[in-house]
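Q: Attaching a predicted model along with its sequence, questions to come.
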Amino acid sequence: MKPNLKAKHNKLSLFSKSLLPRIRLKTRALIAVILLVVLPAGTMLIAAEYTKHSSLAMLLCLHFSLCVAMCVPLSGWLEELLINSELRRMNSFCVKLKQGKLDQRLELQQHRIGNTTDEMLLLQHNLNWLAHSVAKREHRLTQSLLKTRRDKERLNLLSYTDHLTGLFNKRFFELKLIETCARCISCNTQLHLMLIDCDHFKEVNDKYGHQEGDRLLANLGQIIELSVRNGTDFPFRFGGDEFGAILVGVDSTRCEQIAERIRIKFADMKIGKSSLSIGISQLCCHANDPETEADSLFATADKALYFAKNTGRDKIISLTRYNEISHHN
């Protein structure tokens, strides 16, 4: 079958399906009129020809009584056929709308009674319009909520992110350190805090300018981010030339290897006399208070960092190494 003929055939099929209930309704109404009006009237005319006048009066009374008796069931049948079935269909449609099924539509039968539009058809049309309007508004509301959620996530990310390096900022670090300490204490997982300071950064700014200094900091942030695990470890920038990272689930040896890799990659850039001093602290295995342990972690790493800066810079000082040097001194 050709495409245009097939399309016409489909249209005719849909048209015939939409007219089928009305054709059945007219057929039933015609049968009812024949049975209740035409057939009795014809019977009475035939009886009038062959029956005596006294018997004819009795037949007329009987016919009238039957008509009166059939008024109630006939009205009930017509009410069910013409009104209740349509009302049930519309009620089912409304229930589905209430359940959130906004893509459904009532099937409309296009017909007119004289010059007046069928009120039931008008009601069905309005219900379809209502469903379309609600679906459209729900779509707009959903899109608006998605945009609001994306904007909120973007603002949250901006509030926790350093604009120059793209690393997390000090605000995020203060929240995340306590949270990570609590998780590692409950799971008995190792945790290290690494604090990083760029040596001679002021000299780089004074000699090469602030743009070169910003480029140095951005490159350092990239080195730190690429040296730790995404989603497991948390690199951050305090501000200025102070950086750090929270390392989860690695031992002290591995943590020092990561710090050494960061120091060497930064030294390869060879920008003036700049270098890195790094201090490392470790979560106590017997810790039980996350806030107290977070403060202790930061204080210990900060002490190790400044010990590295005060003893020549460009080195990594862990808690173990700090204790060994302090003991010898």
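A: Structure's in. What do you need?

Q: how about the closest residue to residue 258 other than its chain neighbours, what does it touch?
A: Leaving aside its sequence neighbours, residue 258 sits nearest to residue 227 (CB to CB, 6 or more residues apart in numbering; 5.6 Å). Bear in mind the C-beta positions are built from the backbone N, C-alpha and C, glycine included. Residues in contact with residue 227, defined by CB atoms under 8 Å, 6 or more residues apart in numbering, are 258, 261-262, 265.

Q: show me where the protein has strands.
A: 112-113, 116-117, 191-199, 234-239, 242-248, 275-282, 316-318 (DSSP state E).

Q: Now tabulate the ones you listed in JSON lines and tack on distance to residue 208, mean pLDDT and mean neighbour count.
A: Shown next, in JSON lines, are these (distance: least, CB to CB, whole Å; pLDDT from 0 to 100; neighbours: other CB atoms under 10 Å):
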{"stretch": "strand 112-113", "distance to residue 208": "86", "mean pLDDT": "44", "mean neighbour count": "9"}
{"stretch": "strand 116-117", "distance to residue 208": "83", "mean pLDDT": "44", "mean neighbour count": "10"}
{"stretch": "strand 191-199", "distance to residue 208": "13", "mean pLDDT": "96", "mean neighbour count": "25"}
{"stretch": "strand 234-239", "distance to residue 208": "20", "mean pLDDT": "93", "mean neighbour count": "21"}
{"stretch": "strand 242-248", "distance to residue 208": "19", "mean pLDDT": "96", "mean neighbour count": "23"}
{"stretch": "strand 275-282", "distance to residue 208": "15", "mean pLDDT": "95", "mean neighbour count": "24"}
{"stretch": "strand 316-318", "distance to residue 208": "26", "mean pLDDT": "92", "mean neighbour count": "23"}
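
Q: any chance of these in CSV, with distance to residue 141 too?
A: Shown next, in CSV, are the strands of the chain (distance: least, CB to CB, whole Å):
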stretch, distance to residue 141
strand 112-113, 38
strand 116-117, 33
strand 191-199, 44
strand 234-239, 36
strand 242-248, 40
strand 275-282, 50
strand 316-318, 55
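
Q: Identify whichever of those lies nearest to residue 161.
A: Residue 161 lies closest to strand 234-239 among the strands of the chain, at 9.4 Å (CB to CB).

Q: could you give the angle of that closest one to strand 242-248?
A: 160 degrees (axes from the mean of the first three to the mean of the last three CA atoms, to 10 degrees).

Q: Apart from its chain neighbours, what residue comes closest to residue 305?
A: Using CB to CB, 6+ apart, the nearest residue to residue 305 is residue 279, at 3.0 Å.

Q: and the gap between the one you found and residue 317?
A: Distance of residue 279 to residue 317, given as CB to CB, to the nearest Å: 5 Å.

Q: now do residue 263
A: Distance, residue 263 to residue 317, by CB to CB: 12 Å.

Q: circling back: does the residue nearest to residue 305 have beta-bridge partners, and which?
A: Going by DSSP bridges, residue 279 is paired in beta bridges with residue 195, residue 317.
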